[in-house]
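K.L.:
need a structure here:
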Amino acid sequence: MFEIRGGPGIFPTMPAVARPLPRFLTATLARELGILLTLSVLFPFLMHLLPVPETSRLGARLLPMFYAPLLAALWGRRETGWLVAALAPWLNWALTGHPAPVGAVVMMIQLLVFVLVVPLLLNTAMVRWLVAVPAYLAGMGMAMLAAFVIPALIGGRAPVTWLAQSVVMSLPGVALLVLITCAVLRFYPPSGQGGGPMAA
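P.N.:
So this is what the prediction gives:
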């Protein structure tokens, strides 16, 4: 029996260096992303199961696509929030056919601005449970600006008229976003370090 020892010869001794993965590529992020993307598909799907006429447009009224990004934004999960906002409209389109690709672009713009504004306001707003309202309006405003540049995004309608009608239609959904915010801040508040909710 013999063994080859490392040394300055053919087989130099190499120090074992464990290189950490980039912060972006973590098991926590993958787990959060999987859960929130699943919820971002599940919430709109459940809306479609409600026994209401197709003309009621529950998605536009109740805003189910915003629930999962709101959770990520409230808990300070920045990377997860951005990814869910960017991917959720397209995942829903791929699995259910809704929204159409043009609508998915508009929804993605709204969600990206939404998850950007919620954490900013959460740290500065006097009434924290209302942060979803200005964040939602900011997202709608950015979508309206995009529609000025590319009218086809909203079917060629007048952007200001589209904005006003959309906001009025979505008032029940905005109220639900406020309720979700209240529930999270009351029962599962953020830990304050981007680490998700504190233990209840």
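K.L.:
Which element, helix or strand, includes the spatially closest residue to residue 159 that is not a sequence neighbour?
P.N.:
The spatially closest residue to residue 159, leaving aside those adjacent along the chain, is residue 147, at 4.2 Å (C-beta to C-beta, 6 or more residues apart in numbering). For glycine as for every other residue, the C-beta is placed from the backbone atoms N, C-alpha and C. In this assignment (DSSP states H and E), residue 147 forms part of helix 132-149.
K.L.:
From the contact counts, what lies against that helix?
P.N.:
Under the contact criterion of 3 or more C-beta pairs under 8 Å, 6 or more residues apart in numbering; DSSP states H and E, helix 132-149 touches helix 101-122, helix 159-169, helix 171-187.
K.L.:
And the shortest one, what's buried?
P.N.:
In other words, helix 159-169. If you call a residue buried by 16 or more other C-beta atoms under 10 Å, then helix 159-169 has these buried ones: 159, 162-163, 166.
K.L.:
Only the C-alpha atoms, please, for that helix, written as CSV.
P.N.:
The C-alpha coordinates for helix 159-169 follow below in CSV (Å, rounded to 0.1, in the frame of the first residue of the first chain):
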residue,chain,number,x,y,z
PRO,A,159,-54.5,57.0,-21.3
VAL,A,160,-56.1,59.4,-18.8
THR,A,161,-59.6,57.9,-19.3
TRP,A,162,-58.1,54.4,-19.0
LEU,A,163,-56.4,55.4,-15.8
ALA,A,164,-59.6,56.9,-14.3
GLN,A,165,-61.7,53.9,-15.2
SER,A,166,-59.2,51.4,-14.0
VAL,A,167,-58.7,53.0,-10.6
VAL,A,168,-62.5,53.3,-10.0
MET,A,169,-62.9,49.6,-11.0
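K.L.:
For the closest residue to residue 141 other than its chain neighbours, give me its contacts.
P.N.:
Setting aside the residues directly before and after it, residue 141 is nearest to residue 163 in space (C-beta to C-beta, 6+ apart), at 7.4 Å. Residue 163 makes contact with 140-141, 143-144, according to C-beta atoms under 8 Å, 6 or more residues apart in numbering.
K.L.:
List the contacts of the helix or strand that residue 73 is a member of.
P.N.:
Assessed by DSSP H and E, residue 73 sits inside helix 67-74. Contact with helix 67-74 is made by 32, 36-37, 39-40, 43, 80-81, 84-85, 88, 111, 114-115, 118-119, 122, 132, 135, 176-177, 180-181, 184-185, 190, as judged by C-beta under 8 Å, 6+ apart.
K.L.:
and it, how far from the chain's centre?
P.N.:
With C-alpha atoms, centre = their mean, to the nearest Å as the basis, helix 67-74 stands 6 Å off its chain's centre.
K.L.:
buried ones in it?
P.N.:
67-74.
K.L.:
swap in stretch 133-149?
P.N.:
In stretch 133-149, counting by 16+ other C-beta under 10 Å, buried: 133, 135-140, 142-144, 146-147.
K.L.:
Need the residues that contact it.
P.N.:
With contact meaning C-beta under 8 Å, 6+ apart, stretch 133-149 is reached by 63, 66, 73, 105-106, 109-114, 117-118, 121, 153-154, 157, 159-160, 162-163, 166-167, 170, 174, 177-178.
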